[in-house]
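# just to be clear, the model below is a prediction. Sequence and coordinates:
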Amino acid sequence: MRTKNSAIAQSSIAVTAEPTPAAPGAPGTAATPAGATLGGTLQAALGVAAFSLTFPATAWGLESFGPWSLVAVRSVLAALIAGGCLLALRVPLPARTHWAGLAVVAAGVVVGFPLLTTLALQTSTTAHAAVVVGLLPLTTALFSALRVGTRPSRTFWLAALAGAAAVVAFTVQQSGGALTTADLYLFAALLVCAAGYTEGGRLARVMPGWQVIGWALVLCLPIGAAAAAVALSYEPVHLTWHGVTGLLWVAAGSQFLGLVVWYRGMAAIGIPKASQLQLAQPLLTLVWSVLLLGEHLTVAAPLTAAAVLVCIAVTQRARG
């Protein structure tokens, strides 16, 4: 069974609105020297590396846990880590006006995307899922355009459509001429995660990004704890070294720590530069799927991932 959970970091948004002043004390509010820029680049790169391991780690986690148990326990562990950090730093509660946005982030990033991709990966390989999820930056950019009201250029839309067409052609070809249930799960995951990333990007303008994901995780803790109790009572658990390692990574590495370094790096070097680093994420996942899971790639997988990478690069440079 090959499956994988992916709470990928907030994907960079190719289309941005007019800059909004950051809240006092938020990271990256002042001009940074060259050393800080280098440090920010390294942190963003670490975030991308953490996210690229999410699918293989989920596949490992499924060796020990059922899909519902893995998603629920992962959410609980990540929420406990995030809550501990928020308490240790004595971070005040967000303003009441931000809770609706945090609920969208929680529904899309904490619950929706991990659950849908895990269900998909029960019958799909991590390589296949990585190619489809490679559309996430483009999908997020589209949601951002709708949410913020910007007007992307014709070049942007052509590149976005080309990338989407490449992925759809790949999924249909790999599925024998028709979309499978796993493909539908993956496309639904793209939509809910893009909505969560877009809302998270908006909130990150007024509060540190790591606090956005931190409070979203804490918001889901009661639901996650109840879901974990129910799921564990129905799904058998067979603990293995792979399974425990996979669970710990998706909970601590992908769901929280990866997002912390990603947001810090993005604050230091800006969304446009950070987004260029994230273009390597699907290709990195393909490498991990071979090295860690022993999957055999078809020629179409890396070629489609490279095509999507080119399309995303074009959208990043397109002027609205």
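Arrived safely.
# and residue 97, what is it in contact with?
Contacts for residue 97 (Cβ atoms under 8 Å, 6 or more residues apart in numbering) come out as none. (Each C-beta comes from the backbone N, C-alpha and C, glycine too.)
# make it 10 Å
residue 206 (Cβ atoms under 10 Å, 6 or more residues apart in numbering).
# distance of it relative to residue 206?
Distance, residue 97 to residue 206, by Cβ to Cβ, to the nearest Å: 10 Å.
# also residue 250?
Counting by Cβ to Cβ - residue 250 and residue 206 are separated by 28 Å.
# now residue 155
31 Å.
# more crowded one of the two?
residue 206 (17 against 14; other Cβ atoms under 10 Å).
# hmm, the more buried one is touching residue 95, no?
Yes: with contact defined as Cβ atoms under 10 Å, residue 206 counts as touching residue 95 (8.5 Å).
# for residue 165, give me phi and psi.
Backbone geometry at residue 165, expressed as degrees, to the nearest 10, gives phi -60, psi -40.
# quick one, what contacts it?
With contact taken as Cβ under 10 Å, 6+ apart, residue 165 is in contact with 307, 311.
# quick one: average pLDDT of the strand or helix carrying residue 229?
Following DSSP states H and E, the helix or strand that holds residue 229 is helix 209-234. Mean pLDDT, helix 209-234: 93.
# any low-confidence regions in the protein?
1-36, 148, 150, 152, 175-178, 266-267, 270-276, 278-279, 316-320 (pLDDT under 70).
# one more time with 50
For the chain, the stretches with pLDDT under 50 are 1-32, 320.
# helix, strand, or coil at residue 207?
For residue 207, the assignment made with DSSP: H, G, I helix; E, B strand; the rest coil gives coil.
# burial check on it, number of neighbours?
Neighbours of residue 207 under the rule other Cβ under 10 Å: 20.
# need phi/psi at it.
Residue torsions, per degrees, to the nearest 10, at residue 207 are phi -150, psi 150.
# so how far is residue 140 from it?
Distance from residue 207 to residue 140, counting by Cβ to Cβ: 19 Å.
# buried residues in stretch 43-60, which are they?
Judged by neighbour count using 16 or more other Cβ atoms under 10 Å, the buried positions of stretch 43-60 are 43-60.
# actually stretch 66-85, sorry about that
66-82, 85.
# could I have it exported to PDB, CA atoms only?
Backbone C-alpha positions of stretch 66-85 (Å, rounded to 0.1, in the frame of the first residue of the first chain) are rendered in PDB as follows:
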ATOM      1  CA  GLY A  66      -4.700   3.000   9.100                       C
ATOM      2  CA  PRO A  67      -5.300   6.200   7.000                       C
ATOM      3  CA  TRP A  68      -7.800   7.800   9.400                       C
ATOM      4  CA  SER A  69      -5.700   7.000  12.400                       C
ATOM      5  CA  LEU A  70      -2.500   8.400  10.800                       C
ATOM      6  CA  VAL A  71      -4.100  11.700   9.800                       C
ATOM      7  CA  ALA A  72      -5.800  12.100  13.200                       C
ATOM      8  CA  VAL A  73      -2.800  11.200  15.400                       C
ATOM      9  CA  ARG A  74      -0.500  13.300  13.200                       C
ATOM     10  CA  SER A  75      -2.800  16.300  13.700                       C
ATOM     11  CA  VAL A  76      -2.900  15.800  17.500                       C
ATOM     12  CA  LEU A  77       0.900  15.400  17.800                       C
ATOM     13  CA  ALA A  78       1.500  18.500  15.600                       C
ATOM     14  CA  ALA A  79      -1.100  20.500  17.600                       C
ATOM     15  CA  LEU A  80       0.700  19.600  20.900                       C
ATOM     16  CA  ILE A  81       4.000  20.700  19.500                       C
ATOM     17  CA  ALA A  82       2.500  24.000  18.200                       C
ATOM     18  CA  GLY A  83       0.600  24.600  21.400                       C
ATOM     19  CA  GLY A  84       3.700  24.100  23.500                       C
ATOM     20  CA  CYS A  85       5.600  26.600  21.400                       C
END
